[in-house]
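[1] sequence first, predicted model second:
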Amino acid sequence: MSSVTKADKAPLSGPLQAQREEFRGVNEDLNSLGGGIVGILQSHQILTSQVRELTDTVKELQGRVTDLTGQLKEVEETCQEKESLNEALGSELSTTQEAYTRAQSEVRNALDEVSASKRAAEAKIRTEQLASSGTIRALQEEVKELREKTSAVQEEKETMKVLLQEASDSAYKAYEDGKRAAEGTLFGGRGEDATPLALLKKELGLADVPLQGENRRRQGDRSPLEVSQ
């Protein structure tokens with residue numbers, strides 16, 4: 001196989017160059033989508049942290065409710081004990097009843113606060129989940145379209161390879177026949193780099209890709225013309 005030259009590394013022209021640019025654009029789109037998905041995952045982590053904080057707050061409020069309920073129970077027991085005492089303790093009983101009323105009010109306020117916090121947390125979670133689900137579905141559809149487009153480009157490349165293989169077989173046979181007939185002078189004595197096959201491969205940017213005819217030649221096989229002679 002001939003060595004890689006500057007001509008081999010030259011940019012492609014025509015449809016193949018357009019296909020290469022289109023394929024590069026598809027890869028960039030996939031990378032951009034990957035970054036978008038990472039951003040969604042980070043937002044989900046932040047939301048999870050906020051939910052955890054709200055859960056801790058709810059637990060703390062529930063602890064306060066438990067404490068106040070215990071205090072209320074103690075007040076109720078105290079009231080029951082005071083009610084059995086002499087009317088001389090009426091003043092103390094009145095004070096205890098006021099404490100009982102205040103405790104009930106604090107319990108109600110705490111319960112209302114817990115309920116409001118819980119409702120707000122649930123509403124926020126539902127909203128974020130709906131937004132995240134819609135974004136993820138849209139990204140998945142876009143990724144699917146890009147993959148289908150990439151697959152179509154790959155199929156077209158495979159078709160071009162098959163056509164190139166067929167052309168290389170014909171060019172190789174013509175080269176072998178011409179070389180034998182002209183004793184190596186048909187291409188000005190420039191060697192394998194000036195053959196139709198080498199020029200065709202160089203134009204398509206495939207100078208380093210061994211084709212069927214070249215493999216047969218390197219393995220020592222003789223063409224039908226060489227065998228007949």
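    Nice, I can see it.

[2] list the contacts for residue 154?
    Listed by C-beta atoms under 8 Å, 6 or more residues apart in numbering, the contact set of residue 154 is empty. For every residue, glycine as well, the C-beta is placed using N, CA and C.

[3] so where is this protein shaky, pLDDT-wise?
    1-14, 79, 82-91, 93, 132, 180-229 (pLDDT under 70).

[4] remind me, longest helix of it?
    For the chain, the helix that runs over the most residues, judged by DSSP state H, is helix 90-182.

[5] tell me what the helix or strand encompassing residue 58 is packed against?
    Assigning secondary structure by DSSP states H and E places residue 58 in helix 15-83. On a contact count with 3 or more C-beta pairs under 8 Å, 6 or more residues apart in numbering; DSSP states H and E, helix 15-83 meets helix 90-182.

[6] tilt between the helix it packs on and helix 15-83?
    Orientation check (axes from the mean of the first three to the mean of the last three C-alpha atoms, to 10 degrees): helix 90-182 against helix 15-83 gives 170 degrees.

[7] residue 31: neighbouring residues, count only.
    Neighbourhood size, residue 31 [other C-beta atoms under 10 Å]: 9.

[8] any idea how far it lies from residue 101?
    According to C-beta to C-beta, to the nearest Å, residue 31 stands 66 Å off from residue 101.

[9] got it, and residue 114?
    If you measure residue 114 against residue 101 using C-beta to C-beta, the figure is 21 Å.

[10] more crowded one of the two?
    residue 114 (18 against 11).

[11] for the nearest residue to the more buried one once chain neighbours are set aside, list the residues it contacts.
    Among residues not flanking residue 114 along the chain, residue 61 sits closest, at 4.5 Å (C-beta to C-beta, 6 or more residues apart in numbering). Contact partners of residue 61, counting by C-beta under 8 Å, 6+ apart, are 110, 113, 114, 117.

[12] my guess is the third one contacts residue 58, does it?
    Yes. At 6.3 Å, residue 114 and residue 58 qualify as touching, with contact defined as C-beta atoms under 8 Å.

[13] let me have the contacts of residue 61 in JSON lines, adding distance to residue 148 as columns.
    Below are these laid out as JSON lines (distance: C-beta to C-beta, whole Å):
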{"residue": "110", "distance to residue 148": "57"}
{"residue": "113", "distance to residue 148": "53"}
{"residue": "114", "distance to residue 148": "51"}
{"residue": "117", "distance to residue 148": "47"}
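
[14] PyMOL command to pick out the buried ones of those residues?
    In PyMOL, this line selects whichever of those come out buried by 16 or more other C-beta atoms under 10 Å:
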select buried, resi 110+114+117
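
[15] just give me the closest of the contacts of residue 61 to residue 167.
    residue 117 (74.5 Å; C-beta to C-beta).

[16] check contacts around that closest one.
    Residue 117 neighbours (C-beta under 8 Å, 6+ apart): 54, 57, 58, 61.

[17] any idea how far residue 139 is from the second one?
    The spacing between residue 57 and residue 139, counted by C-beta to C-beta, is 33 Å.
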